[in-house]
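**Student:** please work out how this folds:
(2 chains, ligands or ions: 1)
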Amino acid sequence: MRDYPLENRSAFSPDVAVGTGAAINLAPVPGGFVIHVLGDAKSDEAALKQVLAKIAPELGADVRKSAPNQWFWVGDAAVYSDRLTELQAGLVNQFALADQTHGRVRMRLSGASSRTVLAKGTMVDLSADLFAIGQSAMTQIGHIGAMITRIEDDSFELIVLRSFAASLWDELHHMAAEFR
Amino acid sequence: MSSLVKCPHCGLRPREEFTIRGEVATPRPSAGADEATWFDHVYLRDNPRGEHREYWHHSSGCRRWLVLTRNTLTHETSDVVDASTLKTEGAQ
Ligand SMILES: [Zn+2]
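**Tutor:** Next up is the predicted model:
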């Protein structure tokens, strides 16, 4: 139990204007959780997913690799600190959890032009044959560090440090302007 | 866009994603080595023409330290490995 619990409040105001059905669309992903998972040198993703599915079937096992033996575990449910303590206790010593929900913001860029927009900012090749649905890359968009995950053919989720969220949001709007 | 480096963990990435630390120095002198030996180890760099091993940090990607074998003449990078492999290699 924390003495001074952080409040997981969305970085976006609830009335952010979100277009639908456009060639390009940028939307916040409100709520949910982002937990940094650090594994030891022998840990692997299959084992992690298996243990997560066992101890927290309600949270899903959407893990996105950020580095060797490190992942972001992401989901749409709310995870409170007591639950996090339980989860850590349920994990073998091989994995450690660090809650990043308050510190990392998720947003989703979708629409037919989404890949073209991202290609302006990142050098990672996002063509479907090299970057399949579910695949992630820790990279930069312009000068801002971000994780890109392909959610659907034409939809990408971005995870960015909260303090850079507004900059990335504005930058993506500029990058997408020609498709509006 | 820029020169590309093949991170062993992330694949081809632009140079901008990395922080360059510099030459992989010769093995650390013994604690009792004289001042001149330590001065050389800490401050003096060879600046070779040709193949050269450098520490690069993939600061905007996997955040791992890498050791890059780079040709200072052509900028060709012949080999990039995770820096932890130096330990098993036993060279440093
Ligand atoms: Zn890397």
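**Student:** can you give me the strands for the chain?
**Tutor:** No chain specified, so I'll use chain A. Under the criterion DSSP state E, chain A contains strands at A:25-28, A:33-39, A:63-67, A:70-75, A:95-99, A:104-110, A:136-141, A:144-152, A:155-161.
**Student:** wrong one, chain B
**Tutor:** So, for chain B - with DSSP E - the strands run B:4-7, B:11-14, B:19-23, B:51-57, B:65-71, B:77-82.
**Student:** packing partners for the first one?
**Tutor:** Translated: strand B:4-7. If contacts are counted by 3 or more C-beta pairs under 8 Å, 6 or more residues apart in numbering or on different chains; DSSP states H and E, strand B:4-7 sits against strand B:11-14, strand B:77-82. For glycine as for every other residue, the C-beta is placed from the backbone atoms N, C-alpha and C.
**Student:** tell me which of these sits nearest to the ion.
**Tutor:** Among the helices and strands packed on strand B:4-7, strand B:11-14 comes nearest to the ion, with 6.6 Å by C-beta to the ion.
**Student:** do that closest one and chain A come into contact?
**Tutor:** Yes - part of strand B:11-14 sits near chain A under the criterion C-beta under 8 Å from any C-beta of the partner chain, namely B:Gly11, B:Leu12, B:Arg13, B:Pro14.
**Student:** could you dump the strands of chain A to CSV with distance to B:Asp40?
**Tutor:** Converted to CSV, the strands of chain A look like this (distance: least, C-beta to C-beta, whole Å):
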stretch, distance to B:Asp40
strand A:25-28, 54
strand A:33-39, 38
strand A:63-67, 34
strand A:70-75, 37
strand A:95-99, 41
strand A:104-110, 44
strand A:136-141, 37
strand A:144-152, 37
strand A:155-161, 41
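**Student:** would you list those in TSV and tack on mean pLDDT?
**Tutor:** Converted to TSV, the strands of chain A look like this (pLDDT from 0 to 100):
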stretch	mean pLDDT
strand A:25-28	93
strand A:33-39	96
strand A:63-67	96
strand A:70-75	98
strand A:95-99	95
strand A:104-110	96
strand A:136-141	97
strand A:144-152	97
strand A:155-161	98
